[in-house]
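Q: Fold the stuff below for me.
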Amino acid sequence: MPSILPNGPLDSASIVTAARRILAEETAIYTSRRPNSRDIFAAASSGFLNQVPQYWMRDWPMPFPIVISKAAGSEVWDIDGNRATDFCLGDSGAMFGHGPQPILNALAGAGILGLTTMLPSKDLDAVGRLLRSTFGMSMWQVTTTASDANRFAFRVARAVTGRKKILVFDGCYHGAADETLVDLVDGRTVARNGLLGQAVNLAETTVCIPFNDVPALEAALKGGDIACVVAEPVMTNCGMILPLPGFHRALRDLTRSTGTLLHIDETHTVSTGFGGYTKVHGLEPDIFVVGKPVGGGIPVAVWGMTDDVASRFEAVRAANTGTGHSGIGTTLSGSALQLACLRACLEEVMTAEAHDKMNHLADTVERGFSAAIEQYELPWHVGRVGARLEVVFAADPLRNAGEAHAAANPTIQKALHTAFLNLGYLMTPFHNMVLVAPTTSEDHVAGLVASFEKILYRLTKAG
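A: Just a heads-up that it's a prediction; the model follows:
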């Protein structure tokens, strides 16, 4: 079988052609193995919009979704009896594995003692101490999602600074917080294409600039109208974009010198290591958010602030009667159920030892993927933030969203994802991303790497 890479440089058109062929073949295999899932989505209606509880569940790169019957540790099973090793892990929601026993114990205990009372529970002091020792911020609040945490933190940042706007980086991820759902187009901040029901011109609330662009950051902050800069330490939404050397130091210095708060969102980058990227790399945010995995998979997120921000917030609240009607908080946030699971996760699941194991296994994935990319002479690389890795269709590390969009190739991405799945490995759907859990085994990792090699062989060989 002749190679399509006989003389070195990649023929990208040939790779895409091969990817289309592989996708067609793998789609047929996928469909044949899942008749029960197929029948559910072939039916007239299940009572759900698009027959799924969240319509974006139809956005996975497969002809119809897998209907899951069970998830445990690093494995999932569907209603047709297919088993897969899970390297998606709910896109971080189950970063430490599905159903960790301490979380299941906490759920059972909370169920007996009461789930929510709109009052603090017995785990209050323990969780407060654990949040401080794990992530380093002084004062904390609990929400149901990271989207809520970001919304509330933006409101606090505006209240304590008296400023209207926030600054985000092009291609960012901050959940469903309205102000962040923007793109940078021809130098202008505009609502993201496809954003539904947006009533406010987001350019009035948000400034969007490229990641890693210190001159653009300096120019945006010098006007003194930015309440906070919200940043993922490593961008993960449009592809993995690592900070350039010195970028975070410049970000902190410029925000401080202009009276702008620095808001770090670690919902994805908590994969870095114990305490997240912020603790591992010594960042000094004014506001800190982490969601998804912090409660072991239940709906909970936390956001922290420095003593300075907390005291300024309290002063603003006191000046505005100090009670209620702030637009911050929801009734089920801070529940006994959430505190019980937070305590279990921080004490027994999201530990330094767990992160060490995850990173050790991620080392194996990175080496294996990189070796396969080199073997087949592909101009790709592996991006990584701790236990979170991504196959990036570019030879060099990405610097900003523009480069990420240019590197993206949906056809190759879908072919990789579907082929991996048919070999028994579930990846995060939209960026060829792999998450390694402490429940992942050496055999799981070895199988993933071997599967990647097989897929690359098919991509780079003619016929």
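Q: so where's the stretch 51-200 of the chain shaky on pLDDT?
A: Along the stretch 51-200 of the chain, the model assigns pLDDT under 70 to no residue.
Q: Run through the helices of it in chain order.
A: Along the stretch 51-200 of the chain, counting by DSSP state H, counting those that start in this stretch, helices occupy 101-113, 124-135, 146-161.
Q: Just put the ones you listed in CSV and tack on distance to Ser271 and mean neighbour count.
A: Placement of C-beta: from N, CA and C, glycine included. Formatted as CSV, those follow (distance: least, C-beta to C-beta, whole Å; neighbours: other C-beta atoms under 10 Å):
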stretch, distance to Ser271, mean neighbour count
helix 101-113, 18, 16
helix 124-135, 14, 17
helix 146-161, 14, 23
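Q: could you dump these to a markdown table with distance to Leu251?
A: Below are these laid out as a markdown table (distance: least, C-beta to C-beta, whole Å):
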| stretch | distance to Leu251 |
| --- | --- |
| helix 101-113 | 34 |
| helix 124-135 | 19 |
| helix 146-161 | 15 |
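Q: quick one: secondary structure of the closest residue to Val449 other than its chain neighbours?
A: Closest residue in space to Val449, ignoring its immediate chain neighbours: Gly368 at 3.2 Å, by C-beta to C-beta, 6 or more residues apart in numbering. Three-state assignment for Gly368 (DSSP: H, G, I helix; E, B strand; the rest coil): helix.
Q: Summarise which helices and strands the helix or strand encompassing Leu251 is packed against.
A: Using DSSP states H and E, Leu251 sits in helix 247-257. Helices and strands touching helix 247-257, by 3 or more C-beta pairs under 8 Å, 6 or more residues apart in numbering; DSSP states H and E, are helix 214-221, strand 226-231, strand 261-265.
Q: now that helix: how far from the chain's centre is it?
A: Centre-to-centre, helix 247-257 and its host chain are 24 Å apart (C-alpha atoms, centre = their mean, to the nearest Å).
Q: Could you pull out the buried residues of it?
A: Buried residues in helix 247-257, counted by 16 or more other C-beta atoms under 10 Å: 247-248, 250-252, 254-255.
Q: secondary structure element for Leu456?
A: Take DSSP H and E as the rule and Leu456 turns out to sit in helix 442-460.
Q: ok, and what's touching that helix?
A: Here helix 442-460 makes contact (C-beta atoms under 8 Å, 6 or more residues apart in numbering) with 3-5, 15, 18-19, 22, 74, 85, 87, 361, 364-365, 368-369, 372-373, 375-378, 412, 415-416, 419-420, 423-425, 434, 436.
Q: What pLDDT is listed against Ser3?
A: The model reports Ser3 with a pLDDT of 36.
Q: quick one on the thing from earlier: can you report how many residues neighbour the residue nearest to Val449?
A: The tally of other residues near Gly368 (other C-beta atoms under 10 Å) stands at 18.
Q: For it, give me its contacts.
A: Applying C-beta under 8 Å, 6+ apart to Gly368 gives the contacts 445, 448-449, 452-453.
Q: Over to Ala340?
A: Ala340 is in contact with 106-107, 109-110, 121, 123, counting by C-beta under 8 Å, 6+ apart.
Q: show me what contacts the most centrally placed residue in the chain?
A: Taking C-alpha atoms, centre = their mean, the centroid of the chain lies closest to His268, which sits 3.6 Å from it. When contacts are counted by C-beta under 8 Å, 6+ apart, His268 touches 92, 173, 232, 234, 236, 292, 385, 388.
Q: Many thanks, I have nothing further to ask.
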